[in-house]
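Undergrad: Using only what follows, build the 3D model:
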Amino acid sequence: MIKMSTLLVFMWSSGYLGAELAARYSSWHMLLACRFVLAAALLVGFCVIRNRWRRSAAELEPWRLTRTGLARQVALGVVMQGMYLGAIGAAVQAGLSAGITALICSLQPLVVAAGALPILGERIGKREWGGLVVGILGVGLVVGGKLAVGDAPWWAYLLCVFGMLSLVGGTLAQRKMVAPEPVVVALAIQCTVGAVVFWALNVTLGDVIPPLTIEFGGSLLWVVALSTFGGWGAYMWVNREAGPMHVSTLLLLVPPTTMLIAWPMFGDAIGPWEIVGVVVSTVGVAVKLAGAGGTEKTPARNTEVCGPEPVERVG
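TA: Take a look at the predicted model:
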């Protein structure tokens, strides 16, 4: 479990690092378009082969996708793949560092907790609310320090926050709908939607030819193999073996891990504001998780939020 948990943290961090790496060789929308085409082709192919295998096995019934299920996953794909990753990609292209992007997105479980009562009718305790406030304060310290330095325009931070909120909204909707589609099928549909969305954007902007360079090819393989399949596979395994609470806790280790890797990889300096912000956010997360020790379930335990890809509840 320790090895797979460590793998999960590093693979999820690779998503933010891959976005910053690819931004040096292509536009963010070209990277996402190519990423979704490749991921969708592999996932759809896997689903087709798996369904044919199920047909050939007498004891297994082939799984069928309903129109309602297809419409549900298309809508979720627009929000969770198009709006979320589009906003994050544009923010990174504008100069927002991988570490700051990961730190802002790490608030997803806490923001989900804030929306639990009005949307899902699930309560959280006072101590958990205290952790939420402290966690937000930590992010404010980091972002405030970066704004003072002027590393990225102010609207890049807003784009990142918008992307995070889009993923939270999509995940809460997914939680409320209790979608029955298998995870691999849901991801295949959403990646296909992402491919359509971002290739349509490429056509609109007149950017339809991917960079035919080794650097771009390497960054594309990075985000597909490490970020999509590596992070996704590790997440699913840890979630099945240890549960959603363990997964949510591990993913909150992504921001400091991303910052540490981005330091030698991109030369992103780690200043005092980042250190203070990470410490304060970590304290907030610790307080929040300590407050979740009761019997009440919270979205942070039952809803998988936190990454470039949506995840259904397992088990």
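
Undergrad: tell me which residues in the helix ranked longest in the chain are buried?
TA: Criterion DSSP state H: the longest helix present in the chain is helix 28-56. Neighbour counts over helix 28-56 (16 or more other CB atoms under 10 Å) mark 28-40, 43-44, 47, 50-51 as buried. Placement of C-beta: from N, CA and C, glycine included.

Undergrad: Moving C-terminal from the one helix or strand Leu141 maps to, which element do we reach first?
TA: Using DSSP states H and E, Leu141 falls within helix 126-149. From helix 126-149 onward toward the C-terminus, using DSSP H and E, the following helix or strand is helix 154-177.

Undergrad: how distant is that next one from the center of its chain?
TA: 10 Å (CA atoms, centre = their mean, to the nearest Å).

Undergrad: same deal with stretch 215-235?
TA: A distance of 13 Å separates the centroid of the chain from that of stretch 215-235, by CA atoms, centre = their mean.

Undergrad: Leaving out sequence neighbours, find the closest residue to Arg50.
TA: Val184 (7.7 Å; CB to CB, 6 or more residues apart in numbering).

Undergrad: and the angle for the helix or strand that contains the one you found with helix 28-56?
TA: Element membership for Val184, per DSSP H and E: helix 183-205. For helix 183-205 against helix 28-56, the angle by axes from the mean of the first three to the mean of the last three CA atoms, to 10 degrees is 150 degrees.

Undergrad: Compute the inter-axis angle for helix 183-205 and helix 154-177.
TA: 140 degrees.

Undergrad: Helix or strand next in line after helix 183-205, which one?
TA: Counting by DSSP H and E, what follows helix 183-205 is helix 214-221.

Undergrad: Can you give the contact residues for that next one?
TA: Residues from elsewhere that reach helix 214-221 (CB atoms under 8 Å, 6 or more residues apart in numbering): Gly18, Leu21, Ala22, Arg24, Tyr25, Ser26, Leu31, Cys34, Arg35, Leu38, Pro210.

Undergrad: what sits against the residue nearest to Arg50?
TA: Counting by CB under 8 Å, 6+ apart, Val184 touches Leu43, Phe46, Cys47, Arg50.

Undergrad: number of nearby residues for Ile176?
TA: Let me fix one detail, which is that residue 176 is Lys and not Ile. A total of 12 residues lie near Lys176 under the criterion other CB atoms under 10 Å.

Undergrad: gap between it and Asn202?
TA: 33 Å (CB to CB, to the nearest Å).

Undergrad: Low-confidence stretches in the stretch 151-300 of the chain?
TA: Within the stretch 151-300 of the chain, the segments meeting pLDDT under 70 span 151, 175, 178-179, 232-233, 235-250, 268, 284-285, 288-300.

Undergrad: Does the residue lying closest to Trp263 once chain neighbours are set aside belong to a helix, a strand or coil?
TA: Nearest non-adjacent residue to Trp263, counting by CB to CB, 6+ apart: Ile270, 5.8 Å away. The three-state label given to Ile270 by DSSP: H, G, I helix; E, B strand; the rest coil is coil.

Undergrad: For Pro264, see how far away Ile270 is.
TA: To Pro264, Ile270 is 11 Å away according to CB to CB.

Undergrad: who's more crowded, these two?
TA: Per other CB under 10 Å, whichever of Ile270 and Pro264 has more neighbours is Ile270, with 14 against 8.

Undergrad: Now that the more buried one has come up, it's in contact with Pro256, right?
TA: No - with contact defined as CB atoms under 8 Å, Ile270 does not reach Pro256; the gap is 9.4 Å.

Undergrad: check contacts around Gly138.
TA: With CB under 8 Å, 6+ apart, Gly138 has these contacts: Val276, Gly277, Val278, Val279, Val280, Ser281, Thr282, Val283, Gly284.

Undergrad: Tabulate the residues you listed (JSON lines), appending distance to Ile189, secondary structure and neighbour count.
TA: Below are the contacts of Gly138 laid out as JSON lines (distance: CB to CB, whole Å; DSSP: H, G, I helix; E, B strand; the rest coil; neighbours: other CB atoms under 10 Å):
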{"residue": "Val276", "distance to Ile189": "42", "secondary structure": "helix", "neighbour count": "14"}
{"residue": "Gly277", "distance to Ile189": "37", "secondary structure": "helix", "neighbour count": "25"}
{"residue": "Val278", "distance to Ile189": "36", "secondary structure": "helix", "neighbour count": "21"}
{"residue": "Val279", "distance to Ile189": "40", "secondary structure": "helix", "neighbour count": "13"}
{"residue": "Val280", "distance to Ile189": "39", "secondary structure": "helix", "neighbour count": "19"}
{"residue": "Ser281", "distance to Ile189": "34", "secondary structure": "helix", "neighbour count": "27"}
{"residue": "Thr282", "distance to Ile189": "36", "secondary structure": "helix", "neighbour count": "18"}
{"residue": "Val283", "distance to Ile189": "39", "secondary structure": "helix", "neighbour count": "15"}
{"residue": "Gly284", "distance to Ile189": "35", "secondary structure": "helix", "neighbour count": "23"}
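
Undergrad: Good, wrapping up.
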